[in-house]
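Novice: Whatever this is, show me its structure:
(one chain, ligands or ions: 1)
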Amino acid sequence: MNILDKIIADKHKEVKLKKSLIPVTQLENSVLFERKTNSLANALRTSATGIIAEHKRRSPSKSVINQNVSVQDVAEGYETAGVCGMSVLTDGKYFGGSLDDLLLARSSVKIPLLRKEFIIDEYQLLEAKAHGADAILLIAAVLTRDQIKSLSEFAKSLSLDVLLEVHNQEELQKSIMPSLDMLGVNNRNLKTFEVSTDISKSLSTQIPDDFVKVSESGISSIEAIKDLKQYDYKGFLIGENFMKTENPGASAIEFIKQLK
Ligand SMILES: O=C(O)c1ccccc1NCC(=O)[C@H](O)[C@H](O)COP(=O)(O)O
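Specialist: Here you go, the predicted model:
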């Protein structure tokens, strides 16, 4: 079993348990459930930098990245840097994140927040809304076309933007539908962990113009972003490059200064 299959098998168990502990009505009655969301896709369309900076403590490909910073400090630093949005990993077992991280980030900043999670069930979209997310991620590699359609339509009914992530042509072709806002190409193969921005470049012409194009993972230089912009990418999801430093917010400030 590859790591992605393991993560998804665990996620099914986790969601089943959570559903038995926290009823949907509790999520729907939370204060943040009524909050007006702030579109990440719209922010990317008009952004000069397009940076979506991620909070990521550890990962299956790198184990520990940074366990010593607070999510509030990271969020405030990213906002000061002028990022377009922030991605918050909420998976606990493989990434050391939590829904509390999302809540704390929400209480610290106004920028659009992406719940970075392995979404397999509508319940997780209600959780995202109840914890202050503006956007959610769907991963084509672990969902059927019908699941992508029903999950993305449900997300849109909650006013959450949808970022659909692909890694190859087959995943892209099965996923294109009007209920998506952003199409993300993950430069990391989630089964082998190989990283190359070539995949973003080769898939770019096959992504219809209606979607905001986002290049995800393995981005660590200004040159890479300038290069990807020529392929019409408007969003750049960066995690480790900022999080591996002592002060991720300060690193983002430095990076964005060079980009402008
Ligand atoms: O990052 C991993 O090792 C990973 C492994 C398995 C599934 C997902 C994984 N990462 C999630 C992400 O998409 C990245 O955190 C995100 O794109 C940022 O990537 P990076 O800038 O390379 O940290």
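Novice: Check the gap between residue 12 and residue 105 for me.
Specialist: 26 Å (Cβ to Cβ, to the nearest Å). (Each C-beta comes from the backbone N, C-alpha and C, glycine too.)
Novice: ugh, wrong one, I meant residue 8
Specialist: Counting by Cβ to Cβ, the separation of residue 8 from residue 105 is 25 Å.
Novice: Near the ligand, which residues of this protein are found?
Specialist: 3, 54, 56, 59-61, 186, 190, 216-219, 237-241 (Cβ under 6 Å from any ligand atom).
Novice: Among those, which lie within strands?
Specialist: Among the residues of the chain next to the ligand, DSSP state E puts 54, 59, 186, 216, 237, 238 in strands.
Novice: residues in contact with the fourth one?
Specialist: With contacts defined as Cβ atoms under 8 Å, 6 or more residues apart in numbering, the neighbours of residue 216 are 165, 184, 185, 186, 187, 188, 237.
Novice: Please pick the buried ones from those residues.
Specialist: Neighbour counting with 16 or more other Cβ atoms under 10 Å marks 165, 184, 185, 186, 187, 188, 237 as buried within these.
Novice: Centre of the chain to the helix or strand of the chain with the lowest mean pLDDT, how far?
Specialist: Within the chain, no helix or strand scores below strand 63-64, which has a mean of 90 by mean pLDDT, DSSP states H and E. Centroid separation for strand 63-64 versus its chain: 19 Å, with Cα atoms, centre = their mean, to the nearest Å.
Novice: Tell me the strands beside that strand, with direction?
Specialist: strand 58-59 (antiparallel) (DSSP bridges).
Novice: quick one on the thing from earlier: more neighbours: residue 8 and residue 105, which one.
Specialist: The residue with more neighbours, out of residue 8 and residue 105, is residue 105; 25 against 16, by other Cβ atoms under 10 Å.
Novice: Am I right that the more buried one is in a strand?
Specialist: No - going by DSSP: H, G, I helix; E, B strand; the rest coil, the assignment for residue 105 is helix, not a strand.
Novice: Distance check, the nearest residue to it once chain neighbours are set aside against residue 125.
Specialist: The shortest distance from residue 105 to any non-neighbouring residue, by Cβ to Cβ, 6 or more residues apart in numbering, is to residue 75 (4.3 Å). Distance, residue 75 to residue 125, by Cβ to Cβ: 22 Å.
Novice: And residue 2, by the same measure?
Specialist: Noted for residue 2: a distance of 25 Å to residue 125, by Cβ to Cβ.
Novice: Report all helices and strands that the longest helix along the chain contacts.
Specialist: In the chain, with assignment by DSSP state H, the single longest helix is helix 3-21. Judged by 3 or more Cβ pairs under 8 Å, 6 or more residues apart in numbering; DSSP states H and E, helix 3-21 is in contact with helix 122-130.
Novice: what's the model's confidence in the helix it packs on, averaged?
Specialist: Helix 122-130 carries an average pLDDT of 98.
Novice: What residues sit buried inside stretch 55-75?
Specialist: Buried positions in stretch 55-75, judged by neighbour count with 16+ other Cβ under 10 Å: 55, 56, 57, 58, 59, 61, 65, 66, 69, 71, 74, 75.
Novice: neighbours around the spatially closest residue to the third one that is not a sequence neighbour, how many?
Specialist: Take residue 57 and drop its neighbours on the chain: the residue closest to it by Cβ to Cβ, 6+ apart is residue 96, 3.6 Å away. Residues lying near residue 96 (other Cβ under 10 Å) number 18.
Novice: got the contact list for residue 96?
Specialist: Taking Cβ under 8 Å, 6+ apart, one finds 57, 58, 67, 89 in contact with residue 96.
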